[in-house]
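Q: give me coordinates for this.
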Amino acid sequence: MLRKMILTVIALLATVGLAQEPLPLPSPLPPAPPMAADITSPGVIQLAVDATDLDHHIFRVHEVIPVSGGQSLTLFYPQWLPGKHSPAGPLADMGGLTITAAGRPVAWTRDTVDVFAFHLQPPADAEAITVDFQYLSPVEPNEGRIVVTPEMLSLQWNALSLYPAGFFTRRIPVAAQVRLPEGWGWGCALDALEDQGDALRFKTVSYDQLVDSPMLAGRYFKRIALDSDSRRPVSLDIVADRPALLAVTPEQLMAHRSLLTQADHLFGARPFDHYDFLLSVSDRLGGIGVEHHQSSEDGVPSGYFIDWDKSAPVRDLLPHEYAHSWNGKMRRPADLWTPTFNQPMQDSLLWVYEGQTQYWGFVLAARAGLLSPAQVKDAIALTAATYDHVPGRVWKNLQDTTNDPIVARRRPQPWRNWRRSEDYYSEGALVWLDVDTLIRQKSSGRRSLDDFAQAFFGQTPGGVREVTYRFEDVVEALARVQPYDWASFLRERLDGHGPGAPLDGLARGGYRLVYDDKPSDYHKQQMAERKIEDFSFSLGFTIGKDQTFSTVMWDGPAFKAGVTLGAKLWAVNGIAYDKDRLKEAITEARNGAVPIEILVQEDDHFRSLRLDYHDGLRYPHLQREGTGPATLDAILTPK
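A: Predicted coordinates:
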């Protein structure tokens with residue numbers, strides 16, 4: 001009893017002691033940077049970029065920013081980038097930041113919470129500060145996108161500038177200039193004031209417009225006027241790894257020119273003063289596809305023109321990015337529009353912004369002749385099959401994938417078909433095929449999604465302005481084209497969990513998804529372009545040229561047998577692996593009972609695994625259903 005009393009007293013004393021010890025409390029956060037106001041910043045920022053250091057892949061930045069002397073100042077490095085839909089500003093590649101005023105050093109302090117913000121106190125007599133830093137662009141692909149090679153460079157102003165907090169970026173004027181390697185050609189949506197060969201000065205524009213007007217330059221450069229409309233001209237500005245890659249046949253040129261005609265038919269008035277396709281034809285510069293209001297950054301493999309018959313999987317890129325001038329740049333989701341590049345974006349309507357643009361990219365490619373209708377149907381079959389085999393739908397709906405650019409920052413990720421990854425693009429396109437065919441069905445072919453595009457996106461002839469929209473605006477515009485409960489229709493597809501992909505549009509279009517033992521030519525070209533063999537719809541994996549499993553389908557036959565991403569495939573049924581031997585093994589196991597045995601290596605471990613699969617090779621295709629004209633064929637027909 002005494003022992004129990006002593007222990008109780010000790011416990012009480014310990015409790016009292018603990019109560020007297022100070023407990024942790026949160027440290028106060030630093031004051032937030034100044035809120036942006038719709039007022040004009042003082043003076044014009046002078047921005048000079050030296051882009052001549054090809055050896056080191058370094059851009060050198062010199063910036064003069066007008067200031068009010070004696071007042072504290074915050075400078076931002078752009079973080080939230082339009083077209084990336086995410087906080088993708090390459091801050092880690094910035095180096096050597098030095099700030100001076102009239103030659104005197106000005107100390108700066110990085111914000112400890114918002115690390116894209118730099119705080120400083122200019123001297124009382126300062127009218128301007130001078131900012132110098134370097135952009136240390138990636139030199140290896142694993143460091144990020146390669147933007148400099150000995151033959152070309154991709155210059156994005158957001159990576160090469162700071163701007164003052166407190167102002168809408170549309171109210172910050174900037175006069176930019178850039179020095180290029182001698183003799184290089186260039187393309188940019190900015191208007192040049194002075195072109196002295198290697199030194200370019202541009203007209204003063206808002207910081208918004210500057211960031212939205214990247215430059216592509218190169219040793220081997222060609223500019224092609226795609227139309228003769230001098231009021232709103234469009235040009236194709238091409239740089240390539242070598243001169244031979246710049247060759248464009250008359251038929252290829254006709255298809256690119258037809259793209260403009262078909263887009264005019266679809267959307268109506270052009271929402272820009274002029275437009276530049278900034279097309280890099282290269283295996284060295286990092287690939288890209290980013291929309292801007294008066295230009296687009298389009299990166300394609302070196303064989304885009306010279307191996308035209310093999311480049312089908314990338315020929316919807318230019319139609320996609322061009323359509324964004326209407327859908328995404330001129331008409332923009334309200335929660336995606338922000339007054340600065342450091343205010344967070346919300347991506348809830350990317351299934352319109354990107355999903356419908358993905359749909360129009362393929363439709364315009366077919367109507368223009370960049371792809372044949374058969375190739376587009378093969379692409380749709382591959383998309384439909386892919387999203388019909390996404391098990392992650394059971395826990396994550398299509399609407400939630402619009403958060404993926406922010407959640408995943410567009411990094412490579414394992415188990416993509418379980419976690420899902422930006423499915424608002426291609427599954428979104430299936431939703432819009434569903435919408436298009438339903439409008440056509442209910443209107444007996446009198447109306448279509450073309451009418452929605454004309455009414456919703458074709459509002460602003462010329463000029464550069466933005467008009468925002470919300471979900472309700474999309475629903476109302478669809479209802480004006482064809483009365484229907486579009487809100488419920490869309491929410492069911494955005495918020496639902498399947499099973500399977502939204503394939504009603506295929507059925508209304510006169511086709512159904514089927515599988516056979518041979519891939520389409522389009523699928524073969526896609527595999528060659530990605531350097532993989534695709535067994536997704538049979539054994540449930542793709543395998544790269546180095547025999548590495550590049551994707552493994554969640555809960556597929558390979559997954560259930562224990563195959564994981566990154567492992568290597570060494571043997572099939574006791575014989576060294578090659579793709580044809582694996583195809584033979586799959587065929588031999590069809591309708592049998594004997595599993596396929598494979599030898600895989602993960603790190604220094606080897607395992608023999610048994611794949612209990614007996615349904616043969618499976619590759620997706622569209623099969624014609626019904627009689628009479630097919631709606632999908634009508635959709636792909638030129639206007």
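
Q: now the helices: where do they sit in the stretch 151-300 of the chain?
A: Here the stretch 151-300 of the chain has its helices, by DSSP state H, counting those that start in this stretch, at 207-211, 250-267.

Q: just name the most buried of those helices.
A: helix 207-211 (a mean of 24; mean count of other CB atoms under 10 Å). No exception for glycine: its C-beta is placed from N, CA and C like everyone else's.

Q: ok, and what's touching that helix?
A: 45, 47, 78, 81-82, 156-158, 161, 163, 169-170, 172-174, 176, 190, 341, 464 (CB atoms under 8 Å, 6 or more residues apart in numbering).

Q: could you pull up the mean pLDDT of it?
A: Averaged over helix 207-211, pLDDT sits at 98.

Q: just the CA atoms of that helix, as CSV, please.
A: Written as CSV, here are the backbone C-alpha positions of helix 207-211 (Å, rounded to 0.1, in the frame of the first residue of the first chain):
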residue,chain,number,x,y,z
TYR,A,207,5.0,42.0,-68.2
ASP,A,208,2.0,39.7,-68.8
GLN,A,209,2.5,39.9,-72.6
LEU,A,210,6.3,39.5,-72.2
VAL,A,211,6.0,36.3,-70.3
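
Q: thinking again about what came up before, so which of the contacts of helix 207-211 are in strands?
A: 45, 47, 81, 163, 173-174, 176 (DSSP state E).

Q: spatially, which two of the residues you listed are the most separated?
A: The span of these, defined through CB to CB, is set by Leu81 and Pro173 at 20.6 Å.

Q: so what's the residue nearest in space to the middle of the chain up against?
A: When CA atoms, centre = their mean is applied to the chain, the residue found nearest the centroid is Lys84 (5.6 Å). With contacts taken as CB under 8 Å, 6+ apart, Lys84 has the following neighbours: 290, 405, 410.

Q: next, count neighbours for the second one.
A: Neighbour count of Pro405, defined by other CB atoms under 10 Å: 21.

Q: could you point out which of the ones in strands among the contacts of helix 207-211 is nearest to Arg331?
A: The nearest member of those to Arg331, counting by CB to CB, is Leu81 at 18.9 Å.

Q: give me the pLDDT for the closest one.
A: pLDDT, Leu81: 94.

Q: please apply the same query to the one 5 residues further on.
A: On the pLDDT scale, Ser86 is placed at 94.

Q: if we can go back for a sec, need the helices of the stretch 151-300 of the chain in JSON lines (columns: distance to Thr98).
A: Output for the helices of the stretch 151-300 of the chain, formatted as JSON lines (distance: least, CB to CB, whole Å):
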{"stretch": "helix 207-211", "distance to Thr98": "21"}
{"stretch": "helix 250-267", "distance to Thr98": "45"}
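
Q: for Arg446, find the nearest of those helices.
A: Of all those, helix 250-267 sits nearest to Arg446, with 16.9 Å by CB to CB.

Q: quick one: list the elements packing against the helix or strand where Ser550 lies.
A: According to DSSP states H and E, Ser550 maps onto strand 549-552. Strand 549-552 sits against strand 541-544, helix 557-561, with contacts defined as 3 or more CB pairs under 8 Å, 6 or more residues apart in numbering; DSSP states H and E.

Q: do that again at 6 Å, thanks
A: Using 3 or more CB pairs under 6 Å, 6 or more residues apart in numbering; DSSP states H and E, the elements in contact with strand 549-552 are strand 541-544.

Q: now the strand it packs on: buried residues?
A: Buried residues in strand 541-544, defined by neighbour count with 16 or more other CB atoms under 10 Å: 541-543.

Q: which strands and helices sit next to that strand?
A: Where contact means 3+ CB pairs under 6 Å, 6+ apart, strand 541-544 is packed against strand 532-535, strand 549-552.

Q: to Thr112, which of these lies closest?
A: strand 549-552 (39.7 Å).

Q: can you list the strands that the closest one pairs with?
A: strand 541-544 (antiparallel) (DSSP bridges).

Q: now tell me what touches the strand it pairs with from outside.
A: With CB atoms under 6 Å, 6 or more residues apart in numbering as the test, strand 541-544 has contacts from 532-535, 549-552, 558, 569.

Q: could I get those residues as CSV with distance to Asp335?
A: As requested, those are arranged in CSV below (distance: CB to CB, whole Å):
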residue, distance to Asp335
Ile532, 36
Glu533, 41
Asp534, 36
Phe535, 40
Phe549, 38
Ser550, 35
Thr551, 32
Val552, 35
Ala558, 40
Leu569, 45
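
Q: so which of those residues is the closest to Lys579?
A: Glu533 (4.6 Å).

Q: that closest one: what's it in contact with?
A: 543, 579.

Q: doesn't Leu382 belong to a strand?
A: No. Counting by DSSP: H, G, I helix; E, B strand; the rest coil, Leu382 is not part of a strand but helix.

Q: what's the separation between it and Arg530?
A: Going from Leu382 to Arg530 by CB to CB, to the nearest Å gives 12 Å.

Q: those two - which one has more neighbours?
A: Leu382 (25 against 14).

Q: one step back: now the strand holding Ser550: buried residues?
A: 549-552.

Q: just send those residues back as a markdown table, with distance to Glu182 too.
A: Formatted as a markdown table, those follow (distance: CB to CB, whole Å):
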| residue | distance to Glu182 |
| --- | --- |
| Phe549 | 47 |
| Ser550 | 42 |
| Thr551 | 45 |
| Val552 | 50 |
